[in-house]
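*Asks:* my questions are about this predicted structure, shown below with the sequence.
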Amino acid sequence: MATSPQSAPPTSRRPSGISRRLLLTATASALFVTATACGSAVNTADGSSSDGLITLSMHNPDSKTQDPATWQMVQEFNKQHPDMKIKLEGQPVDQHEQRMTIAAQSGTLPEIFWVYDSLAKTMVKSGDLLDLTPILAEDNLKAKFVPSMLAGFRSGNVQYGVPYQALVTGFYYNKAILDEHKIAVPETFDDLLAAVKKLKAAGVVPITQGANNSSFSVWAFLTMLDRFGYEAKYQDILSGRASYDSADFLRLYKHVEELAEAGAFPSNMNTQTYAQAVASYTSGKAAFLDAGVWEAAKIQKSGVGKDTGFWAGPTFSDGVGNQKLVMNVPSAPFVVSAKVKDDKKKYAAVKAFIQFYYSDAGQKILVDNAQPPVTTYKPSVDATKNPVFAAVLAEASKPGWTSPKAQPDLVVSAATASAMYDSFYGVMGGSLSPEEAVKNVQKTIKQVPAVTP
Amino acid sequence: MNWLTTRRHFALMVAPALIIYSLYMICPILYSLYYSFTNFDGVSAGGFAGLDNYRQMAQDDAFWTSMRNTGIILGIALFLLIPLGFLLAILLSGRVKGSGALRALVFAPAIIAPILVGLIWIFILDPKIGLVNAFLLAIGVPAHPQWIGGPTLSSYSIGFVYLWQQIGFVLTIFYAGLRMLPRDVMEASSLDGASRWQQLRHIQIPMLRETFGIVTALVVTGVFKVFELVYALTGGGPVHLSEVMVSYMYHITFTTQQYGYGMALAVVVFVVGALASAATFLDNRRKGEVR
């Protein structure tokens, strides 16, 4: 029944003056609390904290277990610099990217943070990032890097980023499973296809992959793209002088289709996550895992650690250019908020952290946590204690093999990278034909131009 | 006159809620509308793009797939969820032993976070490790349908899981409606010799017309907010074939950093959802007036 002020039942008495004041005070208090809460949320988001002079924001919610190298690095830095304490925080990759984007919009970026290069390029275009050239010039820190490790994070004369870790990617393989089925470690694509057929017939998952909310997990296939001439072509493709929808790339996607048709991938590839794919490998259910050096420590500790080797991926008789490629490139960068230069103490802390991170002591911490160094630091790894990590390092430095300058998805826009991931998973899962896959990527490239700061 | 009923005081009391509502609901909608006409990338100021984002949408196969999938879930909700919820409410409103426990059991999924519902159903529908295919295998059925993760069945499976999650909620509203019906009408019809079916068709359903309207409005608006189920079950894959409108909008905005295009998608989701809700409310009002 509808009511109106006139038909409302009369109250026994009017609210007293005190009640009115109470009511108004309560309303005002509620508004104040809301405003204060919103205000404090903004403060939290900007990374400033009473727990640290500066904040390092990462792409892992629990760095201690998920990124122990960075966690230990910060602990060690804080121990050595009690007056420059760093607060380490993080969230999952997607949320982190989203949060950094919002923070950039509101001018509340944390002092140092990890971010995908495509987003970093957008930020440098907007003037949100600090030029690190003066910091790298001090004590000749720049000389510690192989030039290619810094080149990808430069825009004109501005060095907007420094490599967080090295990205060595490929296939982990279970030697015990291969031996059991009398399969030699593959070298060429034909070897791999033959191995897949044999493993599939024996009821073993040949290559474990997980696409659910982790479509980016196609690292080994991105290296294959470089074996079909991607590095030489991508700038022409992005500028419209060449097309991703080319005969060369189509050949690669047809090879991926051959693998799919041979049963290379698990039937639940689209519903399992990357983490589940790793678990499938570490529990001995799969022969190959598409991943990178960041999984070395976990695999080492698992039941398959003693049987695991690392392979840079297949060479192709119909490939384009150098086939002896191993992906050993800088991963997404660390970048610094441009606002840091306005605060001398914060600037000093950022500088000290960067110098510590890339010092030999800092790089040793990376190596101790099964991460390859990103400087010229020569690690000594005990292969008997860390055979998986040693296998990755050995593959990455195989004589006669070279690395592309960057991983293919890290030199294009986020939309194009996403289209590239989809193109591989689409063909692997049979949702896309090779022709559709290359066309889809080309369509995205045309629609969303690359960010060129 | 009551202190609250004076216009000045009424406005004073309504103002805080109105300000907060405008700040957090109206302004974002207007902002989204504005950004949908730009090529904003999330960080740097985007230039004016006119209708480019809307043109891109018209040519975007994944967008149309997400529309179709949302339509499938809406169809399942309208033609299965509401009738089944009503049927269950009828069954449980009778003098059935243990009906209270049964109601609680049916309602239980509605209080589980949708993301957890998705995770639970992965273990049931997954083509490799799921219970359904394990059962099919156990009874000798050789086929292993890809209930989720395949190109065809995923959206139907998501619709079914949505039904499972929401049916307790729908049942509860109908159950409350049934309990509110005057008993004397039912008793009089019984004395007049009306069958159970006649009571249902000529008394209960007409008298519950408003309840049906409310449930339909809630279900329609709910379908346009489905996100977590898709996120957990398939992540929108494979290759966006199981995306719904909201999950696709999220992907475009936050994964591919096309904020302008993402906001255009958000505007369309809002308009389609608002139109569907408005149609439901208008239909309810029309039926109410006819009655």
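*Replies:* Thanks, I have it.
*Asks:* which neighbouring elements make contact with whichever strand or helix holds residue A:102?
*Replies:* Using DSSP states H and E, the element containing residue A:102 is helix A:93-106. Counting contacts by 3 or more CB pairs under 8 Å, 6 or more residues apart in numbering or on different chains; DSSP states H and E, helix A:93-106 is packed against helix A:17-45, strand A:54-58, helix A:117-125. (C-beta placed from N, C-alpha, C; glycine too.)
*Asks:* hey, least reliable of those by pLDDT?
*Replies:* Of all the helices and strands packed on helix A:93-106, mean pLDDT reaches its minimum on helix A:17-45 (a mean of 41).
*Asks:* what about the helix or strand of chain B with the lowest mean pLDDT, distance to the chain center?
*Replies:* The helix or strand of chain B with the poorest confidence is helix B:99-107; it has a mean of 84 (mean pLDDT, DSSP states H and E). How far helix B:99-107 lies from its chain's middle: 22 Å, per CA atoms, centre = their mean, to the nearest Å.
*Asks:* ditto for stretch A:192-212
*Replies:* For stretch A:192-212, the distance from its own C-alpha centre to the chain's C-alpha centre is 25 Å (CA atoms, centre = their mean).
*Asks:* over to stretch B:221-231?
*Replies:* Taking mean C-alpha positions (CA atoms, centre = their mean), stretch B:221-231 and its chain are 6 Å apart.
*Asks:* tell me how far the ends of it are from each other?
*Replies:* 19 Å (CA to CA, to the nearest Å).
*Asks:* and for that stretch, what's in contact with it?
*Replies:* Here stretch B:221-231 makes contact (CB atoms under 8 Å, 6 or more residues apart in numbering or on different chains) with A:213, B:70, B:73-74, B:77, B:113-115, B:117-118, B:158, B:161-162, B:165-166, B:236, B:242-247, B:250, B:269, B:272-273, B:276-277.
*Asks:* which SSE is immediately downstream of the strand ranked longest in chain A?
*Replies:* What stands out as the longest strand in chain A, according to DSSP state E, is strand A:166-174. Next along the chain after strand A:166-174, taking DSSP H and E as the criterion, comes helix A:175-180.
*Asks:* correct me, but residue A:411 touches residue A:234?
*Replies:* Yes: counting by CB atoms under 8 Å, residue A:411 does reach residue A:234; the two are 6.1 Å apart.
*Asks:* mutual contacts of the two, please.
*Replies:* Counting by CB under 8 Å, 6+ apart, residue A:411 and residue A:234 have no common neighbour.
*Asks:* can you give me the strands for the stretch 201-350 of chain A?
*Replies:* A:205-208, A:286-292, A:308-311, A:327-330, A:333-336 (DSSP state E, counting those that start in this stretch).
*Asks:* again, but for chain B
*Replies:* Counting by DSSP E, chain B contains no strands.
*Asks:* which stretches of it have low pLDDT?
*Replies:* Applying pLDDT under 70 to chain B picks out residues B:1-4, B:288-291.
*Asks:* what's next to the helix or strand containing residue A:388, contact-wise?
*Replies:* Element membership for residue A:388 (DSSP H and E) is helix A:387-396. Helix A:387-396 has contacts (CB under 8 Å, 6+ apart) with A:166, A:168, A:170, A:172, A:293, A:296-297, A:299-300, A:305-306, A:308-312, A:326, A:328, A:370, A:372, A:379, A:381-383, A:403.
*Asks:* got the angle between that helix and strand A:166-174?
*Replies:* Between the axis of helix A:387-396 and that of strand A:166-174 there is an angle of 120 degrees, by axes from the mean of the first three to the mean of the last three CA atoms, to 10 degrees.
*Asks:* and helix A:387-396 with strand A:286-292, angle?
*Replies:* Using the same axes, to 10 degrees: helix A:387-396 against strand A:286-292 is 70 degrees.
*Asks:* export the helix or strand following helix A:387-396 to PDB, keeping only CA atoms.
*Replies:* Proceeding N to C from helix A:387-396, the next assigned helix or strand is helix A:414-429, under DSSP H and E. Coordinates of each C-alpha in helix A:414-429 appear next as PDB, following Å, rounded to 0.1, in the frame of the first residue of the first chain:
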ATOM      1  CA  ALA A 414      48.800  -5.500 -24.100                       C
ATOM      2  CA  ALA A 415      45.900  -6.200 -26.600                       C
ATOM      3  CA  THR A 416      48.200  -7.600 -29.200                       C
ATOM      4  CA  ALA A 417      50.000  -9.700 -26.600                       C
ATOM      5  CA  SER A 418      46.600 -11.100 -25.500                       C
ATOM      6  CA  ALA A 419      45.700 -11.800 -29.100                       C
ATOM      7  CA  MET A 420      49.000 -13.700 -29.500                       C
ATOM      8  CA  TYR A 421      48.300 -15.800 -26.400                       C
ATOM      9  CA  ASP A 422      44.800 -16.600 -27.600                       C
ATOM     10  CA  SER A 423      46.100 -17.500 -31.100                       C
ATOM     11  CA  PHE A 424      48.300 -20.200 -29.600                       C
ATOM     12  CA  TYR A 425      45.800 -21.500 -27.100                       C
ATOM     13  CA  GLY A 426      43.100 -21.400 -29.800                       C
ATOM     14  CA  VAL A 427      45.000 -23.700 -32.100                       C
ATOM     15  CA  MET A 428      46.200 -25.900 -29.300                       C
ATOM     16  CA  GLY A 429      42.600 -26.400 -28.100                       C
END
